[in-house]
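Enquirer: Got a predicted structure here, sequence first:
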Amino acid sequence: MLLSARCAGCGARGAVLCRTCRFALVAGPADGVPDDVEVATSFTGRVRDILLGFKYGNRRGVANHLGGLLARRLGDGPPIDLVTWAPTGPRRRRQRGFDQAELLARSVAAHLGVDCRR
């Protein structure tokens, strides 16, 4: 019980994301987004809780779910050769213990089967 996992979105015991929270992620991208901008999902409600849990709550396991979601959304667009990220600053990286942008980029690249470079 000491190391039991909790859902990053709602805090329920069990997987890194419970079934309800996984469904919230795939509900669809936000409305009113410009055509030249790719959005995996809207930053509201449960999805916001999941993303904040990932970024500030050390919920690194969420990266694979988010990477798969973003890769599926990008899969409908032009071919992708390389995935990169804007590195988190050194102070923030030390505070959080990881670079959430790097984890997400590496997950997206793995799902797409392409290289990932800093």
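Expert: Arrived safely, thanks for sending.
Enquirer: switch to C-alpha atoms for all contacts and neighbour counts from now on
Expert: Will do.
Enquirer: if I look at the closest residue to Ile50 other than its chain neighbours, how far off is Val16?
Expert: Spatial nearest neighbour of Ile50, excluding adjacent residues (Cα to Cα, 6 or more residues apart in numbering): Gly9 at 4.2 Å. Remark: distance between Gly9 and Val16 (Cα to Cα, to the nearest Å) = 9 Å.
Enquirer: So which of the two has more stuff around it?
Expert: Gly9 (26 against 22; other Cα atoms under 10 Å).
Enquirer: What separation is there between Thr20 and Ala63?
Expert: Distance from Thr20 to Ala63, by Cα to Cα: 17 Å.
Enquirer: So for these two, which sits in the more crowded spot?
Expert: Ala63 (22 against 12).
Enquirer: Just the pLDDT for the closest residue to Gly61 other than its chain neighbours.
Expert: The spatial neighbour of Gly61 that comes closest, neighbours along the chain excluded (Cα to Cα, 6+ apart), is Val16 at 6.2 Å. At Val16, the model reports a pLDDT of 89.
Enquirer: Verify the contact between Val16 and Arg22 for me.
Expert: No - in this structure, Val16 is not within contact of Arg22 by Cα atoms under 8 Å, at 9.7 Å.
Enquirer: so where do the helices sit in this structure?
Expert: With DSSP state H, the ranges of helices along the chain come out as 19-25, 45-56, 62-74, 90-96, 100-112.
Enquirer: Summarise which helices and strands the second one is packed against.
Expert: Applying 3 or more Cα pairs under 8 Å, 6 or more residues apart in numbering; DSSP states H and E, we find helix 45-56 packed against helix 19-25, helix 62-74.
Enquirer: Reformat these as TSV; add mean pLDDT and distance to Gly32.
Expert: Shown next, in TSV, are the helices and strands packed on helix 45-56 (pLDDT from 0 to 100; distance: least, Cα to Cα, whole Å):
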stretch	mean pLDDT	distance to Gly32
helix 19-25	88	18
helix 62-74	89	16
